[in-house]
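Engineer: show me the folded form of this:
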Amino acid sequence: MDNIIKVNNLTKTYDNFKLDNITLEIKKGSIIGLIGENGAGKTTLIKLLLGLIKKDKGDILLFNKTLNSKVKEDIGVVLDDSFFPEVIKVKDVNSVMKNIYKSWDEKLFLKYLKDFSLNENMLIKNLSKGMKKKLEIITALAHHPKLLILELFGNL
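Structural biologist: All right, here's what the predicted structure looks like:
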């Protein structure tokens, strides 16, 4: 079975924190969870995988390739914080995302809005936290990703 994620000797250092020498392989079709205390490095690892921050050393392969724009096309992401501008309507997310993802599926996006009971004419600022999270999940799925990364935290 192919690795969808392969990390070897990954290190990232901040003034008061070090993610040190992480090695892992995640096979295609796997579902995994990162569990740990606050400050353990879960978010740092996710940000490194997505190329949002730079590694100090080590290797990261997604789909057996280094991260590039083509690889990013195959990743659906839901981060803990909402990333939508508050002043647009739910339906406007479609216009934005179809300019970002070549594989964006407008019909699927609109179907998921109905399935999740989201009003496409509501302003994002008027959505509840749960409704915003639904919109983020819909957006992460509506371009048919091969890898789905969900950063969903609650009070534990």
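Engineer: mind checking what helix or strand follows whichever strand or helix holds residue 59 in sequence?
Structural biologist: In this structure, residue 59 sits in strand 57-62 according to DSSP states H and E. Next in sequence after strand 57-62, counting helices and strands by DSSP H and E, comes helix 69-73.
Engineer: who's in contact with the residue lying closest to residue 85 once chain neighbours are set aside?
Structural biologist: In space, and not counting its chain neighbours, residue 85 is closest to residue 124: 6.9 Å by C-beta to C-beta, 6 or more residues apart in numbering. C-beta here means a position set from N, CA and C on the backbone, and glycine is covered the same way. Counting by C-beta atoms under 8 Å, 6 or more residues apart in numbering, residue 124 makes contact with 82, 84-90, 93, 132, 135.
Engineer: hey, C-alpha coordinates of the worst-scoring helix or strand of the chain on mean pLDDT in CSV?
Structural biologist: Using mean pLDDT, DSSP states H and E, helix 69-73 stands out as the lowest-scoring helix or strand of the chain, at a mean of 89. The C-alpha trace of helix 69-73 is given here as CSV (Å, rounded to 0.1, in the frame of the first residue of the first chain):
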residue,chain,number,x,y,z
SER,A,69,0.8,23.5,-6.1
LYS,A,70,-0.2,20.2,-7.8
VAL,A,71,0.1,18.3,-4.6
LYS,A,72,-1.9,21.0,-2.7
GLU,A,73,-4.8,20.5,-5.2
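Engineer: show me how far it is from its chain's centre.
Structural biologist: Put simply, helix 69-73 sits 13 Å off its chain's centre (C-alpha atoms, centre = their mean, to the nearest Å).
Engineer: where exactly do the helices run in this protein?
Structural biologist: Listed in chain order, the helices of the chain (DSSP state H) span 42-49, 69-73, 92-98, 106-115, 129-141.
Engineer: could I get these as JSON lines with mean neighbour count and distance to residue 63?
Structural biologist: Formatted as JSON lines, the helices of the chain follow (neighbours: other C-beta atoms under 10 Å; distance: least, C-beta to C-beta, whole Å):
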{"stretch": "helix 42-49", "mean neighbour count": "19", "distance to residue 63": "12"}
{"stretch": "helix 69-73", "mean neighbour count": "13", "distance to residue 63": "6"}
{"stretch": "helix 92-98", "mean neighbour count": "16", "distance to residue 63": "21"}
{"stretch": "helix 106-115", "mean neighbour count": "14", "distance to residue 63": "22"}
{"stretch": "helix 129-141", "mean neighbour count": "18", "distance to residue 63": "17"}
